[in-house]
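Peer 1: missing the sequence, but the structure's below:
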Ligand code: NAD
């Protein structure tokens, strides 16, 4: 199985922390020329300190002009991992319009803008792998307290399937990753807001049949497979990686 990415150029959003950061490291170790982007410059500098051979660039995925400028600096890339996302909490009655718009901008519009900016270069090359970050909380599973989040991540699956169908015959694959609960800085920050964070963590773990949360490295391993030629025959699929939560 060829999981090497030698000679391939990979762009990752939200690569400063969590799953995106672990994936930047995995792609680099597999030989890719990695462009790690994030809104947080400090996080990117710390990634660069750990991996001096990863390229870093500040990029806000809600800024269409910045995305277009960034894409123009490449002739064409081979791998695009749209990892950026935000987790709005609450049910429909707690969801305010400004939060709905904010979440759809980061989670959904960013995928549209990034894909639109980078697909022309992939078409010119005749190949490319796009990986979009969804969640099992989407069209796969309804989760209480995740009304707006689930709606955004279902939309990401829709984007993924539309792109996959459009370009399957022209060398571009597009897949979605659908994790369960993963132990990342943003999850820890969300847990810290509970009255009893330790109890909240126990409850998150209790819903996982494997009795533990996922790790960013485990999700990065799937992102590596989907970026590599080992996954050449998969496109338009939701790849569930959730420790058995949806079984
Ligand atoms: P994380 O909090 O660990 O990292 C998020 C990164 O996103 C940070 O470095 C932050 O600076 C960056 N970011 C925030 N806003 C940005 C913007 N506008 N432009 C560019 N970068 C921005 O996150 P994570 O938990 O690893 O989540 C990554 C993705 O995985 C998200 O799309 C999330 O919805 C999805 N996901 C996470 C889990 C989980 O349990 N952690 C489960 C399913 C899906």
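Peer 2: All right, it came through fine. Keep in mind it's a predicted model, so treat the numbers as computed, not measured.
Peer 1: which stretches of the chain form strands?
Peer 2: Ranges of strands in the chain, per DSSP state E, are 9-12, 33-38, 55-58, 79-82, 128-133, 172-179, 238-241.
Peer 1: Now mean pLDDT, mean neighbour count and distance to the ligand too, for those, in a markdown table please.
Peer 2: In short, each C-beta sits where N, CA and C put it, glycine included. What follows is those, written out as a markdown table (pLDDT from 0 to 100; neighbours: other C-beta atoms under 10 Å; distance: least, C-beta to the nearest ligand atom, whole Å):
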| stretch | mean pLDDT | mean neighbour count | distance to the ligand |
| --- | --- | --- | --- |
| strand 9-12 | 99 | 26 | 10 |
| strand 33-38 | 98 | 25 | 5 |
| strand 55-58 | 98 | 17 | 9 |
| strand 79-82 | 99 | 29 | 8 |
| strand 128-133 | 99 | 27 | 4 |
| strand 172-179 | 99 | 26 | 4 |
| strand 238-241 | 98 | 19 | 9 |
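Peer 1: Make TSV from those and add distance to residue 20 to it.
Peer 2: What follows is these, written out as TSV (distance: least, C-beta to C-beta, whole Å):
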stretch	distance to residue 20
strand 9-12	5
strand 33-38	7
strand 55-58	12
strand 79-82	7
strand 128-133	8
strand 172-179	11
strand 238-241	15
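Peer 1: Burial check on residue 100, number of neighbours?
Peer 2: 16 (other C-beta atoms under 10 Å).
Peer 1: That one: what's its closest spatial neighbour, skipping adjacent residues?
Peer 2: residue 148 (5.4 Å; C-beta to C-beta, 6 or more residues apart in numbering).
Peer 1: Is there a neighbour count for that neighbour? I'd like the number.
Peer 2: Counted with other C-beta under 10 Å, the neighbours of residue 148 add up to 24.
Peer 1: Then the one 10 residues further on?
Peer 2: The number of residues packed near residue 158 is 15, by other C-beta under 10 Å.
Peer 1: Could you check how far it is from residue 164?
Peer 2: According to C-beta to C-beta, to the nearest Å, residue 158 stands 11 Å off from residue 164.
Peer 1: Over to residue 130?
Peer 2: For residue 130, the distance to residue 164 - C-beta to C-beta - is 9 Å.
Peer 1: which residues do these two both contact?
Peer 2: Common contacts of residue 130 and residue 164 (C-beta atoms under 8 Å, 6 or more residues apart in numbering): 173-175.
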